[in-house]
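In: coords below, sequence missing:
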């Protein structure tokens, strides 16, 4: 006999200022079930989570938790019945110790006024025991790696007698190995009868960890069932509502011998990386992959002049080039799309318009340095149309867009400069499948026009299907090079080797 | 030992001792008991102010209005008690000064918590408004004759020894008051949920709200407490200088800020301890008072304090920038 249903949502409707965010969604999760909620950005996943958490009570429909209806649905009642949400930002205090982070919410909730540190530590140990992990209790949480911070957030959630833990995009900031650890924790919780609702658009993970699957599109449930009934293609099609072409990128050298756009010789900035040599021909998309700490990001920053290389040489179109600052990189025609668009890329509070023209202000400035606003507007309109950025107009702040659209804005900004070399670092991290595909198509089109594209990513499917050559970086050195016949399995095998030699 | 070396307080203590030795070498008079006790006494006012500012800094804000609160409290209190030729216990003036402090603190608290404004901007306004209130609506004259209990307090000692033909050394009561308030603040910050809430607020505002704290309550408490301490510090200052001067104190916020920051409180919030603050206060006091012993002209004081403040905020930042950035 299957375990009883813990959560049942029945025909949920939710509207925000005229937007019909949820249109009659059903969702049910049994006790101890790992359920995945998948969908593109803006499909209603977050809203649905907030309905369950009681933050946004539904206008229509029924919410049943633990066998009886919630009426009304409030945050307090939801928590009382055992629902805990782990938000993407974890809601932790970086300056406080692990122990205090684990116990503080409990203390406040129980209305305690006096702090007994022995009790705090006891609570903390109990919490960590629930996830069968050890963490240094006195260390400030801000000093922990992201994966450990996440464990703190999970352990804290379990203190509230959680029966259902909702994790919002829990793997976004994790390395492969950390994801494995997280999955072990999830397995342990499941064994104790705690249900998990896992929100993700990383298909690979969805398929691995979950037993059942619900897919949302435009606020409606479009598919549901045991995960074994799905594969990557069918999930993608359900999420995007169209069949996805999964063609590999092929590079064909143009007629005649064209000189390489970018030649890198013995580039180094010890200890992050050293002795890195490679070339990128016009029209190539070269992938660079490697585990966190392989020097991948540092290399990218070196090419863009943010962390200038200390050794080696760079040639652009055959001309020697010294990159000592961002200005020099930009002047030479190198553009860089950073890993973290939120903190390093976009001006979140500024309009799409301003975000896009930020990189071409000097070109837009006429005599006396006044901006040609009419031209700026034309440029921006063009990019919005070309990239299919979903926005009412160019004046809305970048932060109001979904992740995929934000990334398109960022790309537009750098492409507006028509660079010779485009360096992208994890261009589709946290981006939904539809946008991901659009971005990949765009990169291929750019390469076809003769731009040299350097794609740094640890998303192996992305690298394999979009690059005609792949370089593997390990501990700051180029460890291997693959041609376009490379498969994920090969790369994975090399990663495993890396982990082995590093003794992790 | 490893843990000790990680503590900011340890380094402040080392610098304090080192600097004292340097001054003592140049001028042995520094290490006379008389001088040390005088230093302790003059650290009391800055010290009490610092305890309040410490809370504000931990919560992630900066307050500069507390000297004005001190001035209003000392001026009104002394005006009233010398006006009625008061003869009773000194506790009553202290109560009144603290009460005025709390009242003015509640104005800060209301504006900051109700309208969710940055404290620095609000207190910039109230600093001027509070002092201006006295000068405009009360009086601008210096009160030269304090009430008798205040005079008695100014001569009072918490502890004295020596004598019997030799010189008498004594520690002033103000030192005891500072110590007592420091202990109270320490307990408050370390052993009350409210105190941990102050740290939480400086760590992550959103997370504090989600943890179930009521932020306006924490903020209101902070500014009431700052007012309370400022009132007491102001009155003690007037006893030390034996006059009620409406132009005093305003300007000392720089010293106080330097002391708290030297003591390891982080601009931006989340970090800071009472022990560190006390050490920072001692360091600033020794520096300010010893420049003369070192033969450096006293107008260097402001320059030196400013430089110390800059160094004190730059050093931790350098360490922060050097540490590996989280991915």
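Out: Sure, I can see it. This is a predicted model, so every value here is computed, not measured.
In: C-alpha from now on. contacts and neighbour counts both.
Out: Will do.
In: What's the local residue count around residue A:450?
Out: 17 (other Cα atoms under 10 Å in any protein chain shown).
In: what sits against it?
Out: Going by Cα atoms under 8 Å, 6 or more residues apart in numbering or on different chains, residue A:450 touches A:282-284.
In: let's see 10 Å
Out: Neighbouring residues of residue A:450 by Cα atoms under 10 Å, 6 or more residues apart in numbering or on different chains: A:254, A:261, A:281-284, A:420-421, A:444.
In: Of those residues, grab the buried ones for ChimeraX.
Out: Per 16 or more other Cα atoms under 10 Å in any protein chain shown, the buried members of the contacts of residue A:450 correspond to this ChimeraX selection:
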select /A:261,281,282,283,284,420,421,444
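In: Compute the number of surrounding residues for the closest residue to residue A:66 other than its chain neighbours.
Out: The shortest distance from residue A:66 to any non-neighbouring residue, by Cα to Cα, 6 or more residues apart in numbering or on different chains, is to residue A:6 (4.8 Å). Around residue A:6 there are 22 other residues, counting by other Cα under 10 Å.
In: Cross-check the contact I'm expecting between residue A:248 and residue A:464.
Out: Yes: using Cα atoms under 10 Å, residue A:248 makes contact with residue A:464 at a distance of 7.9 Å.
In: Give me the common contacts of those two.
Out: The contact lists of residue A:248 and residue A:464 share A:484-485, where a contact means Cα under 10 Å, 6+ apart.
In: Compare those two and say which one has the larger neighbour count.
Out: Of the pair residue A:248 and residue A:464, residue A:464 is the one with more neighbours under other Cα under 10 Å, namely 22 against 14.
In: before we move on, the earlier item: and the contacts of residue A:450, which is closest to chain B?
Out: residue A:421 (24.5 Å; Cα to the nearest Cα).
In: State the phi and psi torsions of the residue nearest to residue A:66.
Out: With angles defined as degrees, to the nearest 10, residue A:6 sits at phi -100, psi -40.
In: hey, where'd the helices end up in the stretch 51-200 of chain B?
Out: Using DSSP state H, counting those that start in this stretch, the helices of the stretch 51-200 of chain B run over B:66-83, B:91-115, B:119-133, B:148-155, B:173-191, B:193-203.
In: which strands and helices sit next to the longest one?
Out: This points to helix B:91-115. helix B:66-83, helix B:119-133, helix B:148-155, helix B:215-241 (3 or more Cα pairs under 10 Å, 6 or more residues apart in numbering or on different chains; DSSP states H and E).
In: Likewise for the fourth one?
Out: Contact here means 3+ Cα pairs under 10 Å, 6+ apart; on that basis helix B:148-155 packs against helix B:66-83, helix B:91-115, strand B:168-172, helix B:173-191, helix B:215-241.
In: count of neighbours near the residue nearest to residue A:64 when sequence neighbours are not counted?
Out: Spatial nearest neighbour of residue A:64, excluding adjacent residues (Cα to Cα, 6+ apart): residue A:8 at 5.0 Å. Residue A:8 is flanked by 20 other residues according to other Cα under 10 Å.
In: Who are the contact partners of the residue most central in space within chain A?
Out: In chain A, the C-alpha nearest the mean C-alpha coordinate belongs to residue A:430, at 2.5 Å (Cα atoms, centre = their mean). Shown in contact with residue A:430 (Cα under 10 Å, 6+ apart): A:41, A:169, A:171-173, A:200-202, A:340-341, A:402-404, A:407, A:436.
In: ditto for residue A:331
Out: By Cα under 10 Å, 6+ apart, the neighbours of residue A:331 are A:323, A:419.
In: how close does it get to residue A:121?
Out: Relative to residue A:121, residue A:331 is positioned 56 Å away (Cα to Cα, to the nearest Å).
In: mean pLDDT lowest for which of the helices and strands packed on helix B:148-155?
Out: Mean pLDDT values for the helices and strands packed on helix B:148-155 show the minimum at strand B:168-172, a mean of 87.
In: Parallel or antiparallel, list what pairs with it.
Out: Taking DSSP bridges as the criterion, strand B:168-172 sits next to strand B:157-162 (antiparallel) in its sheet.
In: what distance separates the strand it pairs with from the middle of the whole chain?
Out: 24 Å (Cα atoms, centre = their mean, to the nearest Å).
In: Which residues does it contact?
Out: B:167-177.
In: And the helices and strands packed on helix B:148-155: which comes nearest residue A:326?
Out: Residue A:326 sits nearest to helix B:91-115 of all the helices and strands packed on helix B:148-155, at 40.7 Å, using Cα to Cα.
In: Can you point out the buried residues in that closest one?
Out: B:93-94, B:96-113.
In: by how many degrees do that helix and helix B:119-133 diverge?
Out: Going by axes from the mean of the first three to the mean of the last three Cα atoms, to 10 degrees, helix B:91-115 is angled at 130 degrees with respect to helix B:119-133.
In: follow-up on the earlier one: for the contacts of residue A:450, which two are the farthest from each other?
Out: Spanning the widest gap among the contacts of residue A:450 are A:254 and A:421, at 17.4 Å by Cα to Cα.
In: The contacts of residue A:450 also near chain B: which ones?
Out: Among the contacts of residue A:450, none lies close to chain B by the criterion of Cα under 10 Å from any Cα of the partner chain.
In: on that earlier part again, and the residue nearest to residue A:64, what is it in contact with?
Out: Going by Cα under 10 Å, 6+ apart, residue A:8 touches A:26-30, A:52, A:62-69.
In: Return the distance of residue B:110 relative to residue B:94.
Out: Note on residue B:110: its distance to residue B:94, by Cα to Cα, is 24 Å.
In: where does residue A:197 land in three-state SS?
Out: Three-state call for residue A:197 (DSSP: H, G, I helix; E, B strand; the rest coil): strand.
In: per-residue confidence for it?
Out: 94.
In: ok, which residues in the stretch 51-200 of chain B are in contact with chain A?
Out: Residues of the stretch 51-200 of chain B lying near chain A by Cα under 10 Å from any Cα: B:187-197, B:199-200.
In: out of the residues you listed, which are buried?
Out: The neighbour count (16+ other Cα under 10 Å) marks B:188-197, B:199-200 as buried among these.
In: Quick one: those as a markdown table, columns for distance to residue B:85 too.
Out: What follows is these, written out as a markdown table (distance: Cα to Cα, whole Å):
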| residue | distance to residue B:85 |
| --- | --- |
| B:188 | 37 |
| B:189 | 39 |
| B:190 | 42 |
| B:191 | 42 |
| B:192 | 41 |
| B:193 | 44 |
| B:194 | 41 |
| B:195 | 40 |
| B:196 | 44 |
| B:197 | 44 |
| B:199 | 45 |
| B:200 | 47 |
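In: Between the residues you listed, which sits nearest residue A:114?
Out: Closest to residue A:114 out of those is residue B:192 (4.4 Å), distances taken as Cα to Cα.
In: how far is stretch B:107-115 from where the chain is centred?
Out: Counting by Cα atoms, centre = their mean, stretch B:107-115 comes out at 21 Å from the chain centroid.
In: Contact residues of chain A facing chain B?
Out: A:89-96, A:100-101, A:104-109, A:111-117, A:142-146, A:173-174, A:292-293, A:297, A:339-340.
In: do that again at 7 Å, thanks
Out: A:91-95, A:105, A:108-109, A:112-116 (Cα under 7 Å from any Cα of the partner chain).
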